[in-house]
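Undergrad: Quick one, fold the following:
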Amino acid sequence: MNVIPKALQNRILELSHEGHPGIVVMKRRLRQKVWWPGMDKEVEKFVKGCKECILVSAQDSPEPLKRTTKPWAHIAADFMGPLPSCHNLLVLIDYFSRFIEVIIMREITAKLTVQALHETFCRYGIPETMRTDNGPQFVSELLNKFCTEHGIKLVQTTPYWPQLNGEVERANRALKKRLQISQESTDADWRWDLRTYLLLYNSTPHSTTGVAPSALMFGRVLRDKLPSISLTSEQYEDIQDRDRERKLTEAEYADKRRHAQPSSLNPGDLVVAKRMIKENKLAGNFSPEELVVVEKSGQDVTLESWNLEGFCIVTDTEVGESNKASKDVKQPEQRPETQRQRREPRKPKHLKDYHLSIVQDI
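TA: A predicted model of the protein is given here:
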């Protein structure tokens, strides 16, 4: 076993990293021949700082899930449609109770969207946050002004990452299935069937919480055609306790399964962006362009390019390590559009000696 002096340690690390082995393989390779104090930590730092290894490495683990503690404080919104009747559905779901509200709209302009949200909030109250996608209605100046005036924090999901708005996406799938059933039924009114499904859903115990959404939303289960009993205050408190324990257990299980851990990103860190569109099978997972972290809010990170003016927003789940003890975030590249030149059609050679014509029998 050779003990390497400090002056040669970096050179030994460079030689052992030829071929770009991972941390485990590089440690095994060095341990059988050389040693110096703190060698394992130096190997980890060296591999994590290799730019080429970063560009083809896997993305970082997502952050742990955050639980809500009260109804209609944090909601999600999304549009579903257009339907065959040219209508669209504005779907709202409460993260705490899973309560769903649907507004039927003929047009989905920013002004009509704000009016629909204002009407709904006047019935159920003004939420603290609202998560949406990047549709033109949700990124409009009119909606941003409305949310600012009413103290609502508007959170847009990151492009190419629909999981951030997963609750409303799952609600849309369930609504689509019921509308398809209604369309296949004879003499069915899809509006009537939609309202019937919403009553069924909001009065049925949810698979995640084990409690009907209306019970967590209003403290009572909505009355339907089935016989029911009213909840006492003690029963409602027991329901809230069971719901809290069940959500905590499921959040811990999900975080463990996804290997979730808090992100260590800070403003000023150098990162690289995820390559959403790969030019070929050997293209790395990350784009080589370095970006700077400008702001971090929850799972969203605002980045600034060194070469281009402007900003992009990504999530911590798309973040990998960099050579400066920071994380590297991934951004899509645009593929240049190319069109193959059309070949001029030609007559086959074996038909050159023949004249084709239509022969009619007499």
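Undergrad: how about the strands of the stretch 1-150 of the chain, start to end?
TA: Secondary structure of the stretch 1-150 of the chain by DSSP state E, counting those that start in this stretch: the strands cover 2-3, 34-35, 74-80, 88-94, 100-105, 129-132.
Undergrad: Okay, now the sheet partners of the first one, with direction.
TA: Each strand pairing with strand 2-3, determined using DSSP bridges, is listed with its direction: strand 34-35 (parallel).
Undergrad: same check, this time on the fourth one
TA: Partner strands and pairing direction for strand 88-94 (DSSP bridges) are strand 74-80 (antiparallel), strand 100-105 (antiparallel).
Undergrad: And the ones you listed: which comes nearest T249?
TA: T249 sits nearest to strand 74-80 of all those, at 20.1 Å, using CB to CB. Every C-beta, even on glycine, is put in place using the N, C-alpha and C of the backbone.
Undergrad: Just the residues contacting that closest one, thanks.
TA: 68, 88-96, 108, 117, 127-133, 135, 137-138, 165, 167-169, 172, 175-176 (CB atoms under 8 Å, 6 or more residues apart in numbering).
Undergrad: Can you name the residues that contact the closest residue in space to E52 that isn't next to it in sequence?
TA: The shortest distance from E52 to any non-neighbouring residue, by CB to CB, 6 or more residues apart in numbering, is to H20 (6.2 Å). Neighbouring residues of H20 by CB under 8 Å, 6+ apart: C50, E52, C53.
Undergrad: Need the phi and psi values for H20.
TA: Backbone torsions of H20, given as degrees, to the nearest 10, read phi 60, psi 60.
Undergrad: Need the per-residue pLDDT for it.
TA: Looking at H20, its pLDDT is 89.
Undergrad: worst average pLDDT in the strands of the stretch 1-150 of the chain?
TA: Among the strands of the stretch 1-150 of the chain, strand 2-3 carries the lowest mean pLDDT (a mean of 84).
Undergrad: Give me the contacts around that strand.
TA: Contact with strand 2-3 is made by K33, V34, W35, W36, as judged by CB under 8 Å, 6+ apart.
Undergrad: since we're on the residue nearest to E119 when sequence neighbours are not counted, how many residues are nearby?
TA: Leaving aside its chain neighbours, E119 sits nearest to I103 (7.7 Å; criterion: CB to CB, 6+ apart). Using other CB atoms under 10 Å, I103 has 18 neighbouring residues.
Undergrad: I103: what's it in contact with?
TA: By CB under 8 Å, 6+ apart, the neighbours of I103 are L89, L90, L92, A116, E119, T120.
Undergrad: So in terms of bridging, what pairs with it?
TA: L90.
Undergrad: Please report the distance of it from K247.
TA: Taking CB to CB, to the nearest Å as the measure, I103 falls 27 Å from K247.
Undergrad: what's the answer for R98, then?
TA: Counting by CB to CB - R98 and K247 are separated by 11 Å.
Undergrad: Repeat that for G219.
TA: 18 Å.
Undergrad: CA atoms only for the helix or strand hosting A273, dumped as CSV, please.
TA: Assigned by DSSP states H and E, A273 belongs to strand 270-274. Written as CSV, here are the backbone C-alpha positions of strand 270-274 (Å, rounded to 0.1, in the frame of the first residue of the first chain):
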residue,chain,number,x,y,z
LEU,A,270,-24.0,27.7,-10.4
VAL,A,271,-26.3,25.1,-12.0
VAL,A,272,-27.0,23.4,-15.3
ALA,A,273,-30.4,22.9,-16.9
LYS,A,274,-32.1,19.6,-17.7
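Undergrad: after it, next one along is what?
TA: strand 286-297.
Undergrad: Give me the angle between that following strand and strand 270-274.
TA: Orientation check (axes from the mean of the first three to the mean of the last three CA atoms, to 10 degrees): strand 286-297 against strand 270-274 gives 110 degrees.
Undergrad: in its sheet, what does strand 286-297 sit against?
TA: For strand 286-297, pairing defined by DSSP bridges yields strand 270-274 (antiparallel), strand 300-305 (antiparallel).
Undergrad: Quick one: the helices in the stretch 51-200 of the chain, in order.
TA: Counting by DSSP state H, counting those that start in this stretch, one finds helices in the stretch 51-200 of the chain at the ranges 51-56, 110-124, 141-149, 166-184, 190-202.
Undergrad: Which one of the ones you listed has the poorest average confidence?
TA: For those, where the average pLDDT is lowest is helix 51-56, sitting at a mean of 83.
Undergrad: what distance separates that helix from the centre of its chain?
TA: Taking CA atoms, centre = their mean, to the nearest Å, one finds helix 51-56 lying 24 Å from the centre of the chain it belongs to.
Undergrad: Could you pull out the buried residues of it?
TA: For helix 51-56, a neighbour-count test (16 or more other CB atoms under 10 Å) marks C53, I54, L55 as buried.
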